[in-house]
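Novice: Show me how the following folds:
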Amino acid sequence: MTVRIATWNINSVTARLPKLLEWLESAKPDVLCLQELKCAADAFPYDEVRELGYETAAHGTGRWNGVAIVSRLGLEDVVRDLPGQPGYLADGALLPDVEPRAIAATCGPVRVWSVYVPNGREVGHLHYHYKLEWLEALRKASVEDAAGERPFAVLGDFNIAPTDEDVFDVAAFEGLTHVTPVERAALEALGGIGLHDVVPRPLKYDRPYTYWDYRQLAFPKNRGMRIDLTYANKPFLDAVTDSYVDREARKGKGTSDHAPVVVDLDL
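Specialist: Down below sits the predicted model:
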């Protein structure tokens, strides 16, 4: 059985709906993990996606976050939020807000999490510590599935570049988030439970960047980062036949600033 799984930070599913539908028709993923929906769950374009043969589990509140899993292999055992997921105490708030950043489902022979890891903002900021707490909750939530015999992966926007080679110029990120040893150690901790990075191939240039800022001509200059990642257990890894960044989906007007990452499996 051939299965195509993908992840894409869509950066507003409402604004990118034509791009999303076009990509679903052309790439034909069996499962697509989406991040940064920027819409409430009840505002997701379920009908438009269903017309292409997909069902959707969405988790969003209409603000800056939101995640979903789109599948034509079924959606079973859907879980919204990580067990014990920390919240963020914003300035002026009385209680921490548990943001819609994680959703899991079993899609046919595989189980996946779609995650949108907090940005961190600045090193030492409360949001940075929140990011690290969130990643630890993700690690704990993945232990059982990571050790299982069923193919399992965590896919999404991790807001971390795993190595210096995953940014266009490491000197440009000195002192900034996304590249700190502490953040990278949190990624490496996933390896301790049996989840490992599925590194995609680039369709152009020598590095498989997945994100390019809208500003300063970052995309045509290929000033990018690889922060959209797939961390998979051994049964998933053993089934991988190909993985690539669909850079073409980042081209043109009205696109997300991220490109989809595709993983093909032979199960």
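Novice: what about residue 79, is that helix, strand or coil?
Specialist: strand (DSSP: H, G, I helix; E, B strand; the rest coil).
Novice: er, residue 172 I mean
Specialist: Here residue 172 takes the helix state, with states given by three-state DSSP.
Novice: Number of residues surrounding it?
Specialist: The local packing of residue 172 (other C-beta atoms under 10 Å) involves 10 other residues. C-beta coordinates here come from the backbone N, C-alpha and C atoms, glycine included.
Novice: Kindly report the same for the one 5 residues further on.
Specialist: Here the number of neighbours of residue 177 (other C-beta under 10 Å) works out to 21.
Novice: SS state for it?
Specialist: Secondary structure of residue 177, per three-state DSSP, is coil.
Novice: The nearest residue to residue 175 once chain neighbours are set aside: what's it in contact with?
Specialist: Spatial nearest neighbour of residue 175, excluding adjacent residues (C-beta to C-beta, 6 or more residues apart in numbering): residue 123 at 6.6 Å. Residues near residue 123 by C-beta atoms under 8 Å, 6 or more residues apart in numbering: 175-177, 180.
Novice: Keeping just the C-alphas, turn the helix or strand containing residue 49 into CSV.
Specialist: According to DSSP states H and E, residue 49 maps onto helix 46-50. Provided in CSV are the C-alpha atoms of helix 46-50 (Å, rounded to 0.1, in the frame of the first residue of the first chain):
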residue,chain,number,x,y,z
TYR,A,46,-15.0,21.3,5.2
ASP,A,47,-17.4,21.2,2.2
GLU,A,48,-14.8,22.3,-0.3
VAL,A,49,-12.3,19.8,0.9
ARG,A,50,-14.9,17.0,1.1
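Novice: Tell me which other helices or strands the host helix or strand of residue 24 touches.
Specialist: Following DSSP H and E, one finds residue 24 within helix 17-27. Contact partners of helix 17-27 among helices and strands, from 3 or more C-beta pairs under 8 Å, 6 or more residues apart in numbering; DSSP states H and E: strand 2-9, helix 46-50.
Novice: wait, which of these is closest to residue 29?
Specialist: Among the helices and strands packed on helix 17-27, strand 2-9 comes nearest to residue 29, with 4.3 Å by C-beta to C-beta.
Novice: how big is the angle separating the closest one from helix 17-27?
Specialist: 160 degrees (axes from the mean of the first three to the mean of the last three C-alpha atoms, to 10 degrees).
Novice: Parallel or antiparallel, list what pairs with strand 2-9.
Specialist: strand 31-35 (parallel), strand 261-266 (antiparallel) (DSSP bridges).
Novice: And for the shortest one, what's in contact with it?
Specialist: Same thing as strand 31-35. Under the contact criterion C-beta under 8 Å, 6+ apart, strand 31-35 has outside partners 3-10, 13, 24, 54, 66-73, 107, 110, 112-116, 155-157, 260.
Novice: Now intersect the residues you listed with the strands, please.
Specialist: 3-9, 67-71, 107, 110, 112-116, 155-157 (DSSP state E).
Novice: one step back: make JSON lines out of the contacts of residue 123 and add distance to residue 198 and pLDDT.
Specialist: Below are these laid out as JSON lines (distance: C-beta to C-beta, whole Å; pLDDT from 0 to 100):
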{"residue": "175", "distance to residue 198": "29", "pLDDT": "93"}
{"residue": "176", "distance to residue 198": "25", "pLDDT": "96"}
{"residue": "177", "distance to residue 198": "23", "pLDDT": "97"}
{"residue": "180", "distance to residue 198": "23", "pLDDT": "97"}
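Novice: By neighbour count, which of the residues you listed wins?
Specialist: Highest neighbour count within these, by other C-beta under 10 Å: residue 177, with 21 neighbours.
Novice: Touching, that one and residue 118? I think so.
Specialist: No: contact between residue 177 and residue 118 fails when scored by C-beta atoms under 8 Å: they sit 9.8 Å apart.
Novice: if I look at residue 76, how far off is residue 14?
Specialist: 27 Å (C-beta to C-beta, to the nearest Å).
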